[in-house]
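**Student:** Please find the sequence and the predicted model below.
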Amino acid sequence: MNSNVSRRADEKKLLDVRQLNVIYGKGKDSVHAVKDVSFHIKPGEIFGLVGESGCGKSSLGKAVIRLTDPTSGTIDFNGIDVASLKGRALKTYRQEVQMVFQDPYGSLNPRMKVGSAIVDVLEVHKIGKNTTERRERVAALFEAVGLDPNWAWRYPHEFSGGQRQRICIARALALNPDLLVADEPVSALDVSVQAEILELLEELRAKRNLAFLFVSHDLAVVRNVCDRVAVMYNGEIVEIGDVADVIDHPQHEYTRKLLAAVPSF
Amino acid sequence: MKSKSQSLWGDAWRRLKKNRLAMFCLGLVIFFTLLAVYGEIIYRYHEIRDITPSYQLTNLDAAYEAPSSSHWMGTDGLGRDVMARLVQGVRIAYKVGIITSMIAIPIGVILGCLAGFFGGKVDDFIVWLYSTFASMPGLLFILAIAMVVPDRGLLGVYLGIGLTTWVGLCRLVRGEVMKHKEQTYVQAAKALGLGSGRIMFKHILPNISHVIIVTFSLRFPAAVGTEVIMSFLGIGVQGEPSWGLMIDSARMRLWQGMWWEMTFVTIALFLLVLAFNLLGDALRDALDPRLND
Ligand SMILES: Nc1ncnc2c1ncn2[C@@H]1O[C@H](COP(=O)(O)OP(=O)(O)OP(=O)(O)O)[C@@H](O)[C@H]1O
Ligand SMILES: [Mg+2]
């Protein structure tokens, strides 16, 4: 496939991952968690990533946001290869791509007021002139994720799981990123709360043209919210395409197995 | 939404308040602290006025007097009031406990944080360093440092104790930081572009502050005990009344029936050590973040 063929404007790529490998450790004990993975995400697109536990979804997500260092391959973001960024350049990249984690309980520092943690982030990135201005931004972020801005000055243990996940989303939005890696963002939540959070994500996509790398093992959720989806198996992407095509007409045997395991499909 | 907006320290305080023994120990600790402050004021007052304080005045006519209404704890071999000297001894004990903590705790915390957070070669080096320190016989090492320090006295005691007692805390902090490093909130902080120093000291450290507070309250009496032993061996305080010196001088006359000096100093030392230790244990329980919610 030649990537240089001229494309239509709407085919512009936000993120373009090529031949990405993540290997943990060295020698005999090494784990090849991500194998030669290539995919791309367009601006404002919700890209799903499904597969069984341990297939390397989180490793791929963490490599994209550079929490783990990829062993080889390229990660083009807006035309710049970020796979080996360091120092200040990496810090700038942090403003483009953010992450929401699965566990809303462990994701917030228990000894820090939730708003203070966000003020801290703004401070580090020199966003806002002073603390007053940063606090105003925090209030606005809280409103954007559907929380009472006055709650920002409370400790995490006072919030429910769904509220915590909203706070995590607010924190991720503080840097105004273009891509959000959401690693099973709703799987730790009650079903009714799940729907609210998913609604919020779709609203953010609509309002901010935010793109998502949406990691999930719940095919029903993926079918509902994602535009395209990749199926991962044993570190490799075995199938990739529009969500309707992949889920309704699976080509790869593993995808069929995965679908068969879910009663509603 | 939970209605009460309590901080975690507030929760810990509520739990501590329910523990009668701990509150009694806290009372004792406050009492000793006030005595130490009082002792310091007395010392400063006499220093500024340039007069010899009464607890230093010798009066051989009144030597070895048993406890009485004029000397509640009796007098020592030079006729000095044991109670006054005991109170001044609290001041020295606190000085040793606090100053050695101010040396040992930052070393332990900083090295523990670095080792736990960065791992790899940094960790290897720091583990090697504290293993080396830990493998040396403690008191001998303290004595060696104290001997090397030029004008003997308390500086040697401070450095000796301070430079040898950071290992336990360093180990604890290292382990805690390793645990927290894997937690999602630290991963999130990294992803948000926060620097290592900020993550270690502003984000992780408050989560392990209970370890530091508990360590402080447990090592404090240990340091006081070590000072007593050193002064007893003649390598510590000179001039000022310390419990170690008092025990040293009292032991000579114990067999002649002069029991009061030894008894009261021992009781004071025992109470101080016990109060700090029990309070430390209670704090450990009250501050344990796992007990929250
Ligand atoms: N830091 C690490 N060091 C070594 N091996 C790791 C590390 N992180 C993950 N692995 C291994 O890499 C493989 C992929 O793990 P990963 O967490 O990416 O899977 P996953 O698809 O996200 O699974 P799950 O659905 O359970 O979250 C697993 O075999 C895992 O044990
Ligand atoms: Mg995972």
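**Tutor:** Everything's here; your move. Ligands and ions are numbered 1, 2, ... in the order given.

**Student:** What about the residue of the stretch 101-250 of chain B found nearest ligand 1, how many residues nearby?
**Tutor:** Of all residues in the stretch 101-250 of chain B, residue B:182 sits closest to ligand 1, at 9.0 Å by CB to the nearest ligand atom. C-beta: built from backbone N, CA, C; applies to glycine. By other CB atoms under 10 Å in any protein chain shown, 9 other residues sit near residue B:182.

**Student:** can you pull the pLDDT of the residue in chain A that chain B sits nearest to?
**Tutor:** Closest residue of chain A to chain B, CB to the nearest CB: residue A:94 (3.5 Å). Predicted confidence (pLDDT) for residue A:94: 93.

**Student:** what bits of the stretch 151-265 of chain A have low per-residue confidence?
**Tutor:** Within the stretch 151-265 of chain A, the segments meeting pLDDT under 70 span A:263-265.

**Student:** how about the one helix or strand residue A:36 maps to: buried residues?
**Tutor:** According to DSSP states H and E, residue A:36 maps onto strand A:31-41. Neighbour-count burial for strand A:31-41 flags A:32-35, A:37-41 (criterion: 16 or more other CB atoms under 10 Å in any protein chain shown).

**Student:** ok, residue A:145 touching residue A:169?
**Tutor:** Yes: look at residue A:145 against residue A:169 with CB atoms under 8 Å: they come within range, at 5.1 Å.

**Student:** related to what we said a few turns ago, distance check, the residue of the stretch 101-250 of chain B closest to ligand 1 against chain A.
**Tutor:** Distance of residue B:182 to chain A, computed by CB to the nearest CB, to the nearest Å: 9 Å.

**Student:** re the thing from before, so how far is the strand holding residue A:36 from its chain's centroid?
**Tutor:** 15 Å (CA atoms, centre = their mean, to the nearest Å).

**Student:** got it, and stretch A:18-27?
**Tutor:** The answer for stretch A:18-27 is 20 Å, by CA atoms, centre = their mean.

**Student:** before we move on, the earlier item: element containing the closest residue to the residue of chain A closest to chain B other than its chain neighbours, please.
**Tutor:** Once flanking residues are discounted, residue A:94 sits nearest to residue B:193: 3.5 Å by CB to CB, 6 or more residues apart in numbering or on different chains. Assigned by DSSP H and E, residue B:193 belongs to no helix or strand.

**Student:** For residue B:193, give me its contacts.
**Tutor:** Applying CB atoms under 8 Å, 6 or more residues apart in numbering or on different chains, we find residue B:193 in contact with A:90-91, A:94-95, A:121, A:124-125, A:175.

**Student:** For those residues, give me a markdown table that also has distance to ligand 1, neighbour count and secondary structure.
**Tutor:** A markdown table is the format used below for the contacts of residue B:193 (distance: CB to the nearest ligand atom, whole Å; neighbours: other CB atoms under 10 Å in any protein chain shown; DSSP: H, G, I helix; E, B strand; the rest coil):
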| residue | distance to ligand 1 | neighbour count | secondary structure |
| --- | --- | --- | --- |
| A:90 | 19 | 13 | helix |
| A:91 | 22 | 16 | helix |
| A:94 | 20 | 22 | coil |
| A:95 | 25 | 16 | coil |
| A:121 | 24 | 23 | helix |
| A:124 | 25 | 17 | helix |
| A:125 | 27 | 18 | coil |
| A:175 | 24 | 20 | coil |
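
**Student:** Of these, which is the nearest to residue B:57?
**Tutor:** Closest approach to residue B:57 among the contacts of residue B:193 (CB to CB): residue A:124, at 61.4 Å.

**Student:** from what I can see the closest one touches residue B:195, true?
**Tutor:** Yes: with contact defined as CB under 8 Å, residue A:124 and residue B:195 form a contacting pair (7.2 Å).

**Student:** rewinding a little: look at residue A:145 and residue A:169 and report which has more neighbours.
**Tutor:** residue A:169 (24 against 20).

**Student:** Need the contact partners of the helix or strand where the more buried one lies.
**Tutor:** In the assignment (DSSP H and E), residue A:169 maps to helix A:161-173. Outside helix A:161-173, the residues that touch it by CB under 8 Å, 6+ apart are A:98-101, A:104-105, A:107-108, A:114, A:117-118, A:121, A:138, A:141-142, A:144-147, A:151, A:156, A:159, A:180, A:185-186, A:188-190, A:193, A:196-197, A:200-201, A:204, A:208, B:1, B:188, B:192.

**Student:** rerun that using 7 Å as the cut-off
**Tutor:** A:98-101, A:104-105, A:107-108, A:114, A:117-118, A:121, A:141-142, A:144-147, A:156, A:159, A:180, A:185, A:188-189, A:193, A:196-197, A:200 (CB atoms under 7 Å, 6 or more residues apart in numbering or on different chains).

**Student:** what's the spacing between that helix and its chain's center?
**Tutor:** Distance, centroid of helix A:161-173 to centroid of chain: 13 Å (CA atoms, centre = their mean).

**Student:** Let me know the next secondary structure element after it.
**Tutor:** The element immediately downstream of helix A:161-173 (helix or strand, assigned by DSSP H and E) is strand A:179-183.

**Student:** what residues are shared contacts of residue A:145 and residue A:169?
**Tutor:** Contacts common to residue A:145 and residue A:169, judged by CB under 7 Å, 6+ apart, are residue A:200.

**Student:** can you tell me the helix or strand for the most centrally placed residue in chain B?
**Tutor:** In chain B, the residue lying closest to the centroid (CA atoms, centre = their mean) is residue B:220, at 1.6 Å. According to DSSP H and E, residue B:220 maps onto helix B:209-232.

**Student:** do the same with residue A:188
**Tutor:** Using DSSP H and E, residue A:188 maps to neither a helix nor a strand.

**Student:** That one: neighbouring residues, count only.
**Tutor:** Burial of residue A:188 is recorded as 19 neighbouring residues (other CB under 10 Å).

**Student:** just the one 4 residues further on next, same as before
**Tutor:** If you count neighbours by other CB under 10 Å, residue A:192 ends up with 8.

**Student:** so what secondary structure elements neighbour the helix or strand encompassing it?
**Tutor:** Assigned by DSSP H and E, residue A:192 belongs to helix A:191-208. On a contact count with 3 or more CB pairs under 7 Å, 6 or more residues apart in numbering or on different chains; DSSP states H and E, helix A:191-208 meets helix A:161-173, helix A:219-225.

**Student:** Compare the ones you listed and give me the one nearest residue B:224.
**Tutor:** Nearest to residue B:224 among the helices and strands packed on helix A:191-208 is helix A:161-173 (44.8 Å), distances taken as CB to CB.

**Student:** Flag the shaky bits of the stretch 151-293 of chain B, pLDDT-wise.
**Tutor:** Residues of the stretch 151-293 of chain B meeting the criterion pLDDT under 70: B:151-153, B:289-293.
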